[in-house]
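[1] the following comprises the amino acid sequence and a computationally predicted model.
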Amino acid sequence: MPLAFICKAFDELTAQQMYDMLRLRSEVFVVEQNCVFLDLDNKDQVCYHLLLYKNGALEACARLVPPGTSYPEMSIGRIVTSPATRGTGLGKILVQEAIEACYRLFGGGPIQIGAQLYAKGFYEAFGFEQTGEVYDEDGIDHIHMIKP
């Protein structure tokens with residue numbers, strides 16, 4: 001399974017990479033989760049984007065958010081895997097690489113995420129801890145989590 005990671009600032013993405021990323025996010029967050037929301041929130045432009053390609057197709061991606069943008073801490077957001085590759089371990093590979101890329105890009109320190117509640121155990125396996133109560137975001141239960 002030939003995997004290729006690409007990590008680029010917004011302005012460095014090619015038109016095809018941008019299209020692949022936005023299409024995958026829309027496929028999962030809007031269509032699959034049946035959630036009408038504005039994915040394009042004016043944060044992408046200041047973020048780095050981690051793209052995971054398998055055999056030339058984008059299968060997973062995440063947004064690496066600088067400190068002070070979404071939270072005081074650095075953050076990882078818009079974590080998504082293609083429905084076709086779920087259960088293959090690509091999500092774990094993506095999150096581990098996203099954590100490492102955050103440290104390379106933004107230095108040491110805590111990482112905060114806003115996670116869908118159902119994925120709490122998944123993120124706990126990477127050292128994230130719940131820091132607040134459950135909240136509703138676009139009709140889906142979420143929690144704040146921090147990796148100290």
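    Cool, the structure landed.
[2] in its sheet, what does the helix or strand of the chain with the lowest mean pLDDT sit against?
    For the chain, counting by mean pLDDT, DSSP states H and E, strand 135-137 ranks last in confidence among helices and strands (a mean of 91). Sheet pairing for strand 135-137, assigned by DSSP bridges, gives strand 140-147 (antiparallel).
[3] buried residues in the strand it pairs with, which are they?
    His142, Ile143, His144, Met145, Ile146, Lys147 (16 or more other Cβ atoms under 10 Å). Where you see a C-beta, it was placed from the backbone N, CA and C, and this is true even at glycine.
[4] now stretch 71-91
    Buried, per 16+ other Cβ under 10 Å, within stretch 71-91: 71, 73-82, 85, 90-91.
[5] ok so, going back, just the buried residues of strand 140-147 now: which is nearest Leu38?
    The closest of the buried residues of strand 140-147 to Leu38 turns out to be His142 (Cβ to Cβ; 16.3 Å).
[6] the longest helix in the protein is where?
    Longest helix in the chain, counting residues (DSSP state H): helix 90-106.
[7] please list the outside residues in contact with that helix.
    Helix 90-106 is contacted by residues 3, 5, 7, 48, 50, 52, 54, 59-62, 64, 66-67, 74, 76, 79, 81, 111, 122-123, 125-126, 147 when judged by Cβ atoms under 8 Å, 6 or more residues apart in numbering.
[8] can I get the buried residues of stretch 71-91 in a markdown table with secondary structure and distance to Gln116?
    Listed next are the buried residues of stretch 71-91 as a markdown table, based on DSSP: H, G, I helix; E, B strand; the rest coil; distance: Cβ to Cβ, whole Å:
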| residue | secondary structure | distance to Gln116 |
| --- | --- | --- |
| Tyr71 | coil | 17 |
| Glu73 | coil | 19 |
| Met74 | strand | 20 |
| Ser75 | strand | 15 |
| Ile76 | strand | 13 |
| Gly77 | strand | 12 |
| Arg78 | strand | 12 |
| Ile79 | strand | 9 |
| Val80 | strand | 11 |
| Thr81 | strand | 13 |
| Ser82 | coil | 17 |
| Thr85 | helix | 18 |
| Leu90 | helix | 17 |
| Gly91 | helix | 12 |
